[in-house]
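Asks: The sequence and its predicted three-dimensional model are supplied below.
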Amino acid sequence: MSDTGTVDAGTIDAGTVLAALADPTRREVLAAVAARAGTATATELALELPITRQAITKHLTVLAEAGLVTSVRHGREARYRVVAGSLRPAADWIAHTEASWGRRVDRLQRHLADR
Amino acid sequence: MSSDGTTQEHLDDSYEAARFEQVVDLGTTIDAAWAAVSDPGELAQWLGTSVELDVRPGGRGRVVDDDGTVREVLVTAVDERQGIAWHWWGDDGELSSVELRLDEHEGRARLHIVEMVVAEPGRFDDRSAVARCSRRWTAATSRLWHHVGATAFA
């Protein structure tokens, strides 16, 4: 991952991203960062979300480990930014799953037609 | 799977990470469609290139996709003529749940397919976390998960 907001797809593990997104509160935190022009501190997020600053920091840490956000120190606090393209693994899972079920459904319909 | 046929109620699990849904008009009767999704011999005709499945709650099995992916399967629900649900996971450890639900529309069977990522098992080092992922499933399914499914993470 670079510090320019882009990401090397090869460095993102789909399972890690999906696991990070599995928690609804974490998705809410990620959405809140994205809504603030893609950058926010834990303190700023704590003012608008019904979650403690400490909990937000933990969620941001998981999001950062998954490559979904990156952080830059600003004085005593870290400012988090959404990493562009980091949701691609989740989108790839959906596309792969859609293609797999497409093939299964084709076989199912042929099977039913042949019965 | 809920008994009133409302898949959304059952599957609207807030711990999902990604979801795929599709509705297919099978152009056949419910009886024929139910046989296709519940009879192991018929499942073997379409679900994958190799299908071995014990179709009952708690039943285990293995499905090989046409791309070579091998998935271990745990059947979590079987509702006669209504649908079947299972968890499956591949070598990469990704765990997803699948629900195939049948209903009838204008005399023809429709198949509702829902697959969603429940968890990436390697991320969890305690089974309570896995149990939380399925907190909204039926009590029977949760018991299955604790007693049978957890072996997948041993």
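Replies: Received, thanks. Numbers count the residues shown, from 1 in each chain, chains lettered A, B, ... in the order given.
Asks: State the number of residues packed around B:Ala85.
Replies: B:Ala85 sits with 24 neighbouring residues when counted by other CB atoms under 10 Å in any protein chain shown. (C-beta placed from N, C-alpha, C; glycine too.)
Asks: what's the distance between it and B:Pro57?
Replies: 9 Å (CB to CB, to the nearest Å).
Asks: Now do the helices in the chain.
Replies: Since no chain was named, I'll use chain A. A:14-21, A:24-35, A:42-48, A:53-65, A:88-114 (DSSP state H).
Asks: You answered for a different chain; I wanted chain B.
Replies: Under the criterion DSSP H, helices of chain B are mapped to B:7-11, B:30-38, B:40-43, B:127-133, B:139-147.
Asks: At the contact with chain B, which residues of chain A appear?
Replies: Contacts of chain A with chain B, taken as CB under 8 Å from any CB of the partner chain, map to A:14-16, A:18-19, A:21-24, A:90, A:93-94, A:97-98, A:100-101, A:103-105, A:107-112, A:115.
Asks: Report how many residues lie close to A:Ala84.
Replies: With other CB under 10 Å as criterion, A:Ala84 counts 12.
Asks: Apologies, that question was intended for A:Ala40.
Replies: 24.
Asks: next one: A:Ala95
Replies: Neighbours around A:Ala95, by other CB under 10 Å: 12.
Asks: Could you tell me how far it is located from B:Leu53?
Replies: Distance from A:Ala95 to B:Leu53, by CB to CB: 26 Å.
Asks: likewise B:Thr29?
Replies: Taken as CB to CB, the span from B:Thr29 to B:Leu53 is 23 Å.
Asks: Now for B:Ala85 and B:Pro57: what residues contact both?
Replies: B:Val75, B:Thr76, B:Ala77, B:Val78, B:Thr141 (CB atoms under 8 Å, 6 or more residues apart in numbering or on different chains).
Asks: worst average pLDDT in the helices of chain B?
Replies: Mean pLDDT is lowest for helix B:7-11 among the helices of chain B, at a mean of 31.
Asks: Now for A:Val105: which residues touch it?
Replies: B:Gln22, B:Val24, B:Leu111, B:Ile113.
Asks: For ChimeraX, write a command that selects the buried ones of those residues.
Replies: A single ChimeraX command suffices to select whichever of the contacts of A:Val105 are buried according to 16 or more other CB atoms under 10 Å in any protein chain shown:
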select /B:24,111,113
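Asks: follow-up on the earlier one: just the helices of chain A: most buried one?
Replies: Among those, ranked by average contacts under mean count of other CB atoms under 10 Å in any protein chain shown, first place goes to helix A:14-21 (a mean of 23).
Asks: now B:Asp91, nearest residue through space, not along the chain?
Replies: B:Val70 (6.5 Å; CB to CB, 6 or more residues apart in numbering or on different chains).
Asks: where's B:Asp39 relative to chain A, distance?
Replies: 11 Å (CB to the nearest CB, to the nearest Å).
Asks: Any idea how many residues pack against that residue?
Replies: 13.
Asks: burial measure for the closest residue to B:Arg56 other than its chain neighbours, as a count.
Replies: Leaving out its chain neighbours, the residue that sits closest to B:Arg56 by CB to CB, 6+ apart is B:Val78, at 5.8 Å. Residues near B:Val78, counting by other CB under 10 Å, number 18.
Asks: where does the chain have low pLDDT?
Replies: No chain was given, so I picked chain A. For chain A, the stretches flagged by pLDDT under 70 are A:1-15.
Asks: wait, I meant chain B there
Replies: Counting by pLDDT under 70, chain B has low-confidence residues at B:1-17, B:92-93, B:119-154.
Asks: residues in contact with A:Ile94?
Replies: B:Ala18, B:Arg19, B:Phe20.
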